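Novice: quick one, fold the following:
(chains A, B, C and D)
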Protein chains: 2
Amino acid sequence: MNSHPNEPSPSGSARGKLLDAFTTTIREKGYAATSVDELCAKAGVTKGAFFHHFPSKGSVAIAAVDRWSEMSDALFARAPYHRLDDPLDRILGYLDFRKAMLRGPVAEFTCLAGTMVQEVYATHPDVRRACDASIGGHAATLEADIAEAMKLYRLRGPWTAESLALHTQVVLQGAFILAKAKGGAEVAEASIDHLRRYVELLFARPRTGGGRKS
Amino acid sequence: MNSHPNEPSPSGSARGKLLDAFTTTIREKGYAATSVDELCAKAGVTKGAFFHHFPSKGSVAIAAVDRWSEMSDALFARAPYHRLDDPLDRILGYLDFRKAMLRGPVAEFTCLAGTMVQEVYATHPDVRRACDASIGGHAATLEADIAEAMKLYRLRGPWTAESLALHTQVVLQGAFILAKAKGGAEVAEASIDHLRRYVELLFARPRTGGGRKS
DNA sequence: GACGACATACCGACTGGTTGGTATGCACGC
DNA sequence: GCGTGCATACCAACCAGTCGGTATGTCGTC
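Specialist: Here you go, the predicted structure:
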């Protein structure tokens, strides 16, 4: 899946540092506004190193998105909500986890793939595909829990596990945009609250206490 | 609110044509990847005309977003769902209207402000503000109907009219991103369906038939 | 109704800096 | 002695923005 044959490209190497610099810079300024020179400066490497490791600017984008997917897969895989018994609790746990991630500057909690795909979807088809795979792949990790919860609970309305999984990503991506527009994460938090409430309403809980939560 | 003293800058004039070209091009390729020369070529005017009407590239962005707001305000203001008696029906009518707008190429139904703010939120504060005002202003037009519906129906969960209005925009903006990533509007439609179902669940309808709808 | 003074709308050549990308060189490990 | 991993120097294309100029009004005033 990585563009280089083997090597996980550690952050210490020039390649890894370029990937890091790309990821953080694109989330701040976007793809087109970020120049190769700037990337090299931030990574502390020269342009020669850049074009030694990547044949073009677009190819770093693909490599960075691939690595982004791997790192976020790992991050979510080891998150504590997976240990919950009830699949619905795991879904809600995922949303709580995402909400808790909304800390610090906007550029530090937003999604690389979502940010980049807006700019390049029409001009760089291969980058678009990589971003789609990243978002879709992440959504797919939710699908199993959703499908399992659909068997356990009485449902409201006809919908598929896939569409709900994608809907969670829609809300998150949209929340990032509003957070950028407003300059703060509060809107994003409120929207995740709405999404959480929606999920709770979709799966009619058999019994036990009411729902508090903002 | 317009950057020029009077004049609504009709589409026939150089200024209007530049605004049109800007709006369509940015939704395809983004802000940074669109050059002033390209804008002039698409508008069929010269660079001299461009810098006669706008002091900088960034200032077209602001003028274009302002015009975008005005035009979309007008579009939604004359939409038929406003004639419905029930405020909840108006909210659902708005969502149906938005869903029906998802036709043709992705670049033709996406939002200028949402697309642009991703790129410039950290680098062009004035453009960011204009985008925020555009999205926030549009959300505000929903708030009255939501507030009215909140008085008529029994509600599930604690939330404000403002947060739900913003949540609708979050879902729409996110739906546009996923549509760009996947290269089609289907995800966006499915997400609006989810949002519609959420709204129906939030406002507990007193009686009368069940809810069909996809 | 002719006159000059000034404004608006636009043209297109030009500039200095930046862009993505290339060509070449070199140090070091195997 | 040869590939890997860089560094330096360089390039043509392109970038946003400038500037001197023109064509077409539109005033006031005599």
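Novice: what segments of chain A are helices?
Specialist: Secondary structure of chain A (DSSP state H): helices located at A:14-29, A:36-43, A:47-53, A:57-77, A:87-100, A:112-120, A:125-152, A:161-182, A:186-202.
Novice: return the set of buried residues in the last one.
Specialist: Translated: helix A:186-202. Within helix A:186-202, the residues that count as buried by 16 or more other CB atoms under 10 Å in any protein chain shown are A:187-202. Quick note: C-beta positions are derived from backbone N, CA and C, even for glycine.
Novice: one more: the fifth one?
Specialist: Of the residues in helix A:87-100, those with enough neighbours to count as buried (16+ other CB under 10 Å) are A:P87, A:L88, A:R90, A:I91, A:L92, A:G93, A:Y94, A:L95, A:D96, A:R98, A:K99.
Novice: tell me what angle it forms with helix A:125-152.
Specialist: Interaxial angle, helix A:87-100 versus helix A:125-152 (axes from the mean of the first three to the mean of the last three CA atoms, to 10 degrees): 140 degrees.
Novice: ok so, going back, near chain B too, which of the buried residues of helix A:186-202?
Specialist: Among these, the residues lying close to chain B (CB under 8 Å from any CB of the partner chain) are A:V187, A:A188, A:A190, A:S191, A:D193, A:H194, A:R197, A:Y198, A:L201, A:L202.
Novice: pLDDT added to the residues you listed, as a markdown table?
Specialist: Listed next are these as a markdown table, based on pLDDT from 0 to 100:
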| residue | pLDDT |
| --- | --- |
| A:V187 | 97 |
| A:A188 | 98 |
| A:A190 | 98 |
| A:S191 | 98 |
| A:D193 | 98 |
| A:H194 | 98 |
| A:R197 | 97 |
| A:Y198 | 98 |
| A:L201 | 95 |
| A:L202 | 96 |
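Novice: of all these, which comes closest to B:G44?
Specialist: A:V187 (39.6 Å; CB to CB).
Novice: I'd like to know how far the closest one sits from B:V65.
Specialist: 19 Å (CB to CB, to the nearest Å).
Novice: again, but for A:T25
Specialist: To B:V65, A:T25 is 25 Å away according to CB to CB.
Novice: go on, A:I192?
Specialist: In this structure, A:I192 and B:V65 are 27 Å apart, going by CB to CB.
Novice: show me what the helix or strand of chain A with the lowest mean pLDDT pairs with in its sheet, parallel or antiparallel.
Specialist: Ranked by mean pLDDT, DSSP states H and E, the weakest helix or strand in chain A is strand A:203-204, scoring a mean of 89. The strands that strand A:203-204 pairs with in its sheet are strand A:154-155 (antiparallel) (by DSSP bridges).
Novice: starting at the chain centroid, how far to the strand it pairs with?
Specialist: How far strand A:154-155 lies from its chain's middle: 28 Å, per CA atoms, centre = their mean, to the nearest Å.
Novice: repeat that for stretch A:139-158.
Specialist: Its chain's average C-alpha position is 20 Å from that of stretch A:139-158, according to CA atoms, centre = their mean.
Novice: only the buried residues of it, if you could.
Specialist: Buried residues in stretch A:139-158 (16+ other CB under 10 Å): A:A139, A:L142, A:E143, A:D145, A:I146, A:E148, A:A149, A:M150, A:Y153, A:G157.
Novice: and stretch A:25-43, is it in reach of DNA strand D?
Specialist: No. Stretch A:25-43 stays clear of DNA strand D (CB under 7 Å from any atom of the strand), getting no nearer than 7.7 Å.
Novice: I'd like the mean pLDDT over that stretch, please.
Specialist: Stretch A:25-43 shows a mean pLDDT of 94.
Novice: would you indicate which residues of it are buried?
Specialist: The neighbour-count check on stretch A:25-43 (16+ other CB under 10 Å) flags A:25-34, A:36, A:39-40, A:42-43 as buried.
Novice: in those, find the pair that's most separated.
Specialist: It's A:A32 and A:A43 that sit farthest apart of the buried residues of stretch A:25-43, by CB to CB, at 18.7 Å.
Novice: quick one, phi psi at A:D86?
Specialist: In terms of degrees, to the nearest 10, the main-chain angles of A:D86 are phi -80, psi 130.
Novice: quick one: residues contacting the nearest residue to A:Q169 once chain neighbours are set aside.
Specialist: Once flanking residues are discounted, A:Q169 sits nearest to A:A139: 4.9 Å by CB to CB, 6 or more residues apart in numbering or on different chains. A:A139 makes contact with A:E162, A:A165, A:L166, A:T168, A:Q169, according to CB atoms under 8 Å, 6 or more residues apart in numbering or on different chains.
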